[in-house]
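**Q** quick one: sequence and predicted model below, then my questions.
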Amino acid sequence: MNVENPPFAGDSVIDLARETDFRLGALHISPSAREVMRDGQRELLEPRVMQVLVVLYRAQGAVVSRDSLIARCWEGRIVGEDAINRAIWRLRKLAESGGDFAVETIPRVGYRLRPGGLEPAEAGSISPAVETGADPVSLPRRWWLAGGLSLLVLAASAVWLLWQPARPAGISVAVLPFVNLSGDPGQEFFSDGITEEITAALAKIPELPVVGRTSAFQYKGKTGDLRVIGRALNAAYVLEGSVRKDSSRIRITAQLVSTGTGDHIWTDSYDRQFQDVFAVQEDVAQAIAGALRVPLGLKQGEKLVSDRTSDADSYQDYLRARALFRARNMAETIPLLERTVARDPDYAPAWAMLARAYVPASGAARSLYSGSIEDASIHFGGYAAKMEHAARQALRLDPRNAAAHAALAQWAIYQHDWETGREEFNQALALDPNDPDTLTQYASAFLGLLGYTKREFGIRQKVQSLEPFVPVFNRERAVTLLNLGQTKPAIDLLQEVVHSGAPASVGLLVEAWSDAGHFGEAADFMISAPSNTGPRPSKADLETAARLLRSAPKPVASRQNQPDLHGLNFVYLFVGAPDLALADPERELAIKGSPRPAMGRMWGPAYAPARRSERFKIFVRNAGMVDYWRKHGWPDLCHPVGRDDFACN
């Protein structure tokens, strides 16, 4: 086979059978056989993809317009832009495997092939047409962002939006884990972190719901039909890509796919210095917004990726912490983030994540229900103080950090300050209305505790649509189902969650079986099941609680002198001593800075007799709930009686 490099041949149609072979670096390209050979390995390209490669190669570094590609590879037929996008994406995937060439996008003009990959100065180049401006009427249906010059990018996006038809309804996007092409498994944290960073940037676009922020990671390392994956994640579009990190350089390739049709909507590659990683994230997010015809919603001078650090080590440690946080491994997340903010105290995202990490870590370290109130207050109050400090540091650096506002709301509720909790949650959700962590906190720590169970369930449903596969979110949804009296679906859901190992699910399943009247099953499971709740109740408390459950629903002989079961007092609901079940929420209220899991269960049907007790009325008054209800509306099961009293059903 002859290997040669004939001159560029105008706009004639490419006939692969008549094309001679050529080389690109270590690649031997045989158009007539549609083969690419490297080191004895053979890869077959689709006809259109090979035609596009031939056109770009024959252009010898000149820019090839999209119209020219259509004329030479599709014989001038009317084809959608998705067809070209698919071909370009396929060539970039081929290029990733060896770095023999790169396909560069020239915004609003076309493409050109660069042998040996993109040079640093060219990776983010802007075409002369963009620099000098263009008549907006001539803008194509897709525009492409490549590199810096943020003001020009924002201006171009604004003009582009003015000339686009209305975007289709039902837009949402999920970001699948980017593939690590660095050849080092130790860099998985980096590719995962870039995935989450791009996800976070997209989430700042007000009219672009981002779904499956955590659920998408169940597809890490798996291949499948993106249309099926997208439907499972409730996403209209799926973004996938790859990351290659080599010493001081990164290469990120991404493509956007419609889950309705499987069509490729957008694709591009970015080859930059490591310090440009934030600019790449910004470019990808803005390009996707452009491809989907979604306005950025930014004020002048604002960026989607505003929280940046010049410390490479701090940024990489932050990405490591993101992976640990997503896995709910707070024991490693917290010390890593504490070292990060000590080294880089002006890095707001690290402070915000640290504030959030303190919440579950406190309960994992020791039991709420054992030891003295004073000792427990020192422990949980210490975590709460750290959480407040980290949240305020983040907000000092970035007042628009939604995660920090959510953490500060949680801290306020620990202080029984419902008003501040409400204000901070409102700010957090105004900044990021689809953050599943914030929505879950709002439902559990605010609506759920205050008894607004129906509103809480609406939030749970939204979280379910955003994150269908996250066990801790499903566990919290099961609590709401129990409080609504939907015991059977709650049990089904909790059984799935227990098998996943999600924290606190074992105890909830015992409560759910008790609610359903399956007292023997609940007692057996309580004794035999391994604890995944953190510190396990004492053997004596477990045995006493199990014995009481096995005797249910028979009332205890005497309500006096019944033992405190230290977190298992809910069993008294089923043996005729419902007011004794309030011992656990009362202890939670007395401990400074403590979580409130038992308080969240007070609104279920099993607690109805307890809610009618004077002890319950004293409790909600001491918690500041009644004052809040009088100002903002009564919960589902309570109502005012006269001027100063109230009753709960």
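**A** Done, it's in. Numbering: from 1, shown residues only.
**Q** buried stuff in stretch 232-246?
**A** Buried positions in stretch 232-246, judged by neighbour count with 16 or more other CB atoms under 10 Å: 232-245. Using the backbone N, CA and C atoms, a C-beta is placed for each residue, glycine as well.
**Q** these in strands, which ones?
**A** Y237, V238, L239, E240, G241, S242, V243, R244, K245 (DSSP state E).
**Q** just the closest of those residues to H28, please.
**A** Ranked by distance to H28 (CB to CB), those are led by R244 at 23.2 Å.
**Q** quick one, helices of the stretch 1-150 of the chain?
**A** Applying DSSP state H, counting those that start in this stretch to the stretch 1-150 of the chain gives helices spanning 47-58, 66-73, 81-96, 120-123, 128-132, 150-162.
**Q** which stretch in these has the least confidence?
**A** Mean pLDDT per stretch puts helix 128-132 lowest among the helices of the stretch 1-150 of the chain, at a mean of 27.
**Q** where does R293 land in three-state SS?
**A** Here R293 is recorded as coil under DSSP: H, G, I helix; E, B strand; the rest coil.
**Q** whoops, L508 was the one
**A** In terms of secondary structure, L508 is helix; the call rests on three-state DSSP.
**Q** that older thread, can you say which two of the buried residues of stretch 232-246 are spatially most distant?
**A** Spanning the widest gap among these are N234 and K245, at 31.2 Å by CB to CB.
**Q** between the ones in strands among the buried residues of stretch 232-246, which is closest to S314?
**A** When these are compared for distance to S314 (CB to CB), K245 wins out at 16.3 Å.
**Q** the closest one: what's it in contact with?
**A** K245 makes contacts with S182, Q187, F190, S191, F274, as judged by CB atoms under 8 Å, 6 or more residues apart in numbering.
**Q** any chance of the ones in strands among the buried residues of stretch 232-246 in a markdown table, with pLDDT and distance to R339 too?
**A** A markdown table is the format used below for these (pLDDT from 0 to 100; distance: CB to CB, whole Å):
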| residue | pLDDT | distance to R339 |
| --- | --- | --- |
| Y237 | 95 | 37 |
| V238 | 96 | 35 |
| L239 | 96 | 32 |
| E240 | 95 | 32 |
| G241 | 94 | 30 |
| S242 | 95 | 29 |
| V243 | 96 | 24 |
| R244 | 94 | 27 |
| K245 | 90 | 22 |
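**Q** now, which of those residues sits nearest Q441?
**A** L239 (26.4 Å).
**Q** could you find the closest non-adjacent residue to the closest one?
**A** In space, L239 comes closest to V175 once its chain neighbours are excluded; the distance is 4.7 Å by CB to CB, 6 or more residues apart in numbering.
**Q** do I have it right that the one you found meets A216?
**A** Yes - judged on CB atoms under 8 Å, V175 makes contact with A216 at a distance of 6.1 Å.
**Q** shared neighbours of those two, anything?
**A** Common neighbours of V175 and A216 (CB under 8 Å, 6+ apart) are T195.
**Q** and those two? Which one has more around it.
**A** The neighbour comparison of V175 against A216 (other CB atoms under 10 Å) goes to V175, with 32 against 26.
**Q** against I252, how distant is that one?
**A** 12 Å (CB to CB, to the nearest Å).
**Q** can you check A71 too?
**A** A71 is 31 Å from I252, by CB to CB.
**Q** next one: W634
**A** W634 sits 52 Å away from I252, going by CB to CB.
**Q** contacts for the longest helix anywhere in the chain?
**A** Assignment by DSSP state H gives helix 373-397 as the longest helix of the chain. Helix 373-397 is contacted by residues 341, 345-349, 351-352, 354-355, 358-359, 361-362, 365-366, 368, 401, 403-405, 407-408, 410-411, 414-415, 587, 590-595 when judged by CB under 8 Å, 6+ apart.
**Q** same check, this time on stretch 350-358
**A** In this structure, residues lying in contact with stretch 350-358 by CB under 8 Å, 6+ apart are 314, 317-318, 321-322, 325, 330, 333-334, 337-338, 340-341, 344, 383-384, 386-388, 390-391, 393-394, 397-398, 401, 403-404, 406-408, 437.
**Q** tell me the buried residues in stretch 637-644?
**A** Residues of stretch 637-644 classed as buried: L637, C638 (neighbour count, 16+ other CB under 10 Å).
**Q** and it, C-alpha only, in CSV?
**A** Provided in CSV are the C-alpha atoms of stretch 637-644 (Å, rounded to 0.1, in the frame of the first residue of the first chain):
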residue,chain,number,x,y,z
LEU,A,637,-51.4,17.3,63.1
CYS,A,638,-51.6,20.3,65.4
HIS,A,639,-53.9,23.2,65.8
PRO,A,640,-54.4,26.2,68.2
VAL,A,641,-56.9,26.0,71.0
GLY,A,642,-58.0,29.4,72.2
ARG,A,643,-55.4,32.1,72.5
ASP,A,644,-52.7,30.2,74.4
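**Q** ok, the nearest residue to H416 once chain neighbours are set aside - contacts?
**A** Distances taken as CB to CB, 6+ apart put G624 closest to H416, at 4.5 Å, once the chain neighbours are dropped. Contacts for G624 were tallied using CB under 8 Å, 6+ apart; they are H416, D417, W418.
**Q** what of P640?
**A** R630, W634, F646.
**Q** buried subset of these?
**A** W634, F646.
**Q** among the contacts of P640, which ones are in helices?
**A** Judged by DSSP H, the contacts of P640 include R630 as members of helices.
**Q** domains for this protein, by residue range?
**A** The chain breaks down into these domains under automatic domain parsing: 80-291, 434-648.
**Q** lowest average pLDDT across those domains?
**A** domain 80-291 (a mean of 75).
**Q** how far is that domain from where the chain is centred?
**A** Computed by CA atoms, centre = their mean, to the nearest Å, the chain-centroid distance of domain 80-291 equals 18 Å.
**Q** stretch 313-331 now?
**A** 14 Å.
**Q** what comes up buried for it?
**A** 314-326, 328, 330.
**Q** which of the residues you listed has the weakest pLDDT?
**A** Minimum pLDDT for the buried residues of stretch 313-331 is recorded at R328 (83).
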